[in-house]
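>>> heads up, no residue letters with this:
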């Protein structure tokens, strides 16, 4: 973004400093030395002097130090003048004698504006102050000479991997006003909230571009003169700071940097700073903008509209999926995008377990009323991004596209299969939440883990399946001790967070009565999974056994009538019977089923019904 550097032969400031040096050189017998022309970027030099608020004597000292860094003859002349005490670096005593008429003294140099701005640094020699060396940091010398050398702890911000929609680019232009011109305070801070670092970097790049600046990332404590270097190089400093939910992160020495800052942070946590601050939170692009972004990744307009309508992805997530699909080498298509989405789910992999299943509608045996309810829930998920369209302003103003449902029923009644079928129908990866990995004995840690889970799930647009969810979403109790108070606070947090969740969350429980009643209002659907009756059990046996067995139809009818198993138990019996038959290299027979049924009843601690022969 920087304009081309225009170099002068030697600025007036540098020429005046070298003329003083030449005069002293003549007094010590070096009358043949002629001050060289030092190529200097006048605009940057003037910017540095004005930024640091330098007086004439400080500016001349700084100019002399710049000349030392740029020309060997200047360094040799200084070494000759200072012999035998000093070397090629300017000693504080020499600078004080050269510019005494401008009020420069050794003591004044110790704490002058140029030192505070990092334009002049003191050497650490074990010598009296007049015999200690002065220098200019090399990156500053390079900058004032028209070149670029990155200071320690500074690196170029990586090229943006994320395309921003038009709305975000316009917002970047608005926020860039914080950094444009000289009328804004140097302690400006903009916190960019983004679900992934790549999207945050794209936002920072857009801001810098709109302010006619080049961004750079700070990775270590500020080096001397960093603020001045940022100013003369027209750079915008960017920090990465990711805070966990409930965590407060201080900027430390960067908070004292005399330059504007952009901090790329996650969606949660707090950035602690005394600066004049503003926040910009990345939102999920609207359907039209998502269509535009998918088109840039090679989809036709029709398929891009389909992807935008079906999926609710941020700019960063669209870029992740687009890169994954591009790497496959296949032609861009909606099917390919869906496949890439299923194989690349982002940060959610570290917080939950993938549990996709190739479940078809015929694999789930449900009563007609529940089957209809499941179909309606599927439609709700598929249409979640446009349900508010055409409705009244009250709904449109506060609409959130999240879908939350509770599956209630005994173990083995098909709750997990139903969740996997819904995920397949919606084209969403299904993730089963490991409650043991999320819960913690330390106060507040469970909430942090859950908040990180929800944030990652929203970014990846996955279906979250909470099995045995009453362990987390249980009913609040009367407060009898600190433990009860903490448990209730945790439930209150979950009530609020799941209502704000913009993705699909399915909660499963063996007993609806264990849930807090306040969850009912926050749920879009409650589906009761009953134990199957005899006709349903008959279908379950057919679905699990298939056709490769020797069990008669009449015997299966009898088993379905007498054995009151749910689908999960039928599965266990079918696998146990298959193991018995395959061990003898034959098909499953009635005896195998009956033995496996007896074992399953024993596991459950229940009495085996009398299976009368046909």
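Arrived safely, thanks for sending. Note that the structure is predicted; figures quoted are calculated from it, not measured.
>>> give me the nearest residue to the spatially most central residue of the chain, chain neighbours excluded.
Centroid-nearest residue in the chain, with C-alpha atoms, centre = their mean: residue 196, separated by 2.5 Å. Counting by C-beta to C-beta, 6 or more residues apart in numbering, residue 196 lies nearest to residue 316, which is 4.1 Å off, once chain neighbours are set aside. C-betas here are computed from N, CA, C, even on glycine.
>>> rewinding a little: look at the residue nearest to the centre of the chain and report its pLDDT.
Residue 196 carries a pLDDT score of 85 in this model.
>>> for residue 486, same thing?
pLDDT, residue 486: 48.
>>> quick one: contacts for residue 420?
355-357, 359, 430 (C-beta atoms under 8 Å, 6 or more residues apart in numbering).
>>> quick one, phi psi at it?
Backbone torsions for residue 420, taken as degrees, to the nearest 10, come to phi -70, psi -40.
>>> with residue 248 instead?
phi -110, psi 130.
>>> touching, it and residue 273? I think so.
No. Here residue 248 does not reach residue 273: they are 10.5 Å apart, not a contact under C-beta atoms under 8 Å.
>>> now the nearest residue to residue 187 once chain neighbours are set aside: how far from residue 69?
Nearest-residue entry for residue 187: residue 275, 4.5 Å, with adjacent residues in sequence omitted and distances by C-beta to C-beta, 6+ apart. Counting by C-beta to C-beta, to the nearest Å, the gap from residue 275 to residue 69 is 33 Å.
>>> those two: which has the busier surroundings?
residue 275 (21 against 18; other C-beta atoms under 10 Å).
>>> read off the pLDDT value for that one.
The score at residue 275 is 89. That number is its pLDDT.
>>> next, it: phi, psi?
As for residue 275, its main-chain torsions (degrees, to the nearest 10) stand at phi -80, psi 160.
>>> which residues in the stretch 301-450 of the chain form strands?
353-354, 403-409, 430-432 (DSSP state E, counting those that start in this stretch).
>>> do the same with the stretch 101-250 of the chain
121-122, 133-135, 154-156, 188-193, 214-218, 235-240, 248-250.
>>> next, the buried residues of stretch 593-609.
593-594, 596-597, 600-601 (16 or more other C-beta atoms under 10 Å).
>>> how far off centre is that stretch?
On the basis of C-alpha atoms, centre = their mean, to the nearest Å, stretch 593-609 sits 51 Å off its chain's mean C-alpha point.
>>> from here on, call the first residue 864.
Yep, numbering from 864; the last one is stretch 1456-1472 now.
>>> ok so, going back, in terms of mean pLDDT, which of the strands of the stretch 1164-1313 of the chain ranks lowest?
Ranked by mean pLDDT, these bottom out at strand 1216-1217, which scores a mean of 84.
>>> packing partners of that strand?
strand 1293-1295 (3 or more C-beta pairs under 8 Å, 6 or more residues apart in numbering; DSSP states H and E).
>>> switch the cut-off to 6 Å
Strand 1216-1217 sits against no helix or strand, with contacts defined as 3 or more C-beta pairs under 6 Å, 6 or more residues apart in numbering; DSSP states H and E.
>>> what separation do you get for residue 963 and residue 920?
Note on residue 963: its distance to residue 920, by C-beta to C-beta, is 8 Å.
>>> so those two - more neighbours on which side?
Legend: neighbour count by other C-beta under 10 Å for residue 963 and residue 920, higher for residue 920 (22 against 11).
>>> for the buried residues of stretch 1456-1472, which one is nearest residue 1095?
Nearest to residue 1095 among the buried residues of stretch 1456-1472 is residue 1463, at 78.4 Å by C-beta to C-beta.
>>> domain-wise, how is the protein divided?
Per automatic domain parsing, the structural domains of the chain span 870-1007, 1017-1144, 1150-1207, 1217-1392, 1397-1467.
>>> okay, how far is it across the second one, tip to tip?
One end of domain 1017-1144 sits 25 Å from the other (C-alpha to C-alpha, to the nearest Å).
>>> for burial, what's the neighbour tally of residue 1082?
Per other C-beta under 10 Å, the neighbour tally for residue 1082 reads 11.
>>> which of residue 1111 and residue 1136 has more neighbours?
It is residue 1136, of residue 1111 and residue 1136, that has more neighbours when counted by other C-beta under 10 Å, with 17 against 10.
>>> so that one touches residue 1052, yeah?
Yes. Using C-beta atoms under 6 Å, residue 1136 is in contact with residue 1052, at 5.4 Å.
>>> who's in contact with residue 1463?
Residue 1463 sits next to 1432, 1435-1436 when contact means C-beta atoms under 6 Å, 6 or more residues apart in numbering.
>>> repeat that with 10 Å
1426, 1428, 1431-1433, 1435-1436, 1439, 1469, 1471 (C-beta atoms under 10 Å, 6 or more residues apart in numbering).
>>> right, and the pair among those residues with maximum separation?
Pairwise over the contacts of residue 1463, using C-beta to C-beta, the maximum falls at 1431 and 1471, 18.1 Å.
>>> now the strands of the stretch 1164-1313 of the chain in TSV, with distance to residue 1187?
Putting the strands of the stretch 1164-1313 of the chain into TSV (distance: least, C-beta to C-beta, whole Å) gives the following:
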stretch	distance to residue 1187
strand 1216-1217	15
strand 1266-1272	25
strand 1293-1295	17
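>>> closest to residue 1147 out of the contacts of residue 1463?
Taking C-beta to C-beta as the measure, residue 1431 is the one of the contacts of residue 1463 closest to residue 1147, at 37.2 Å.
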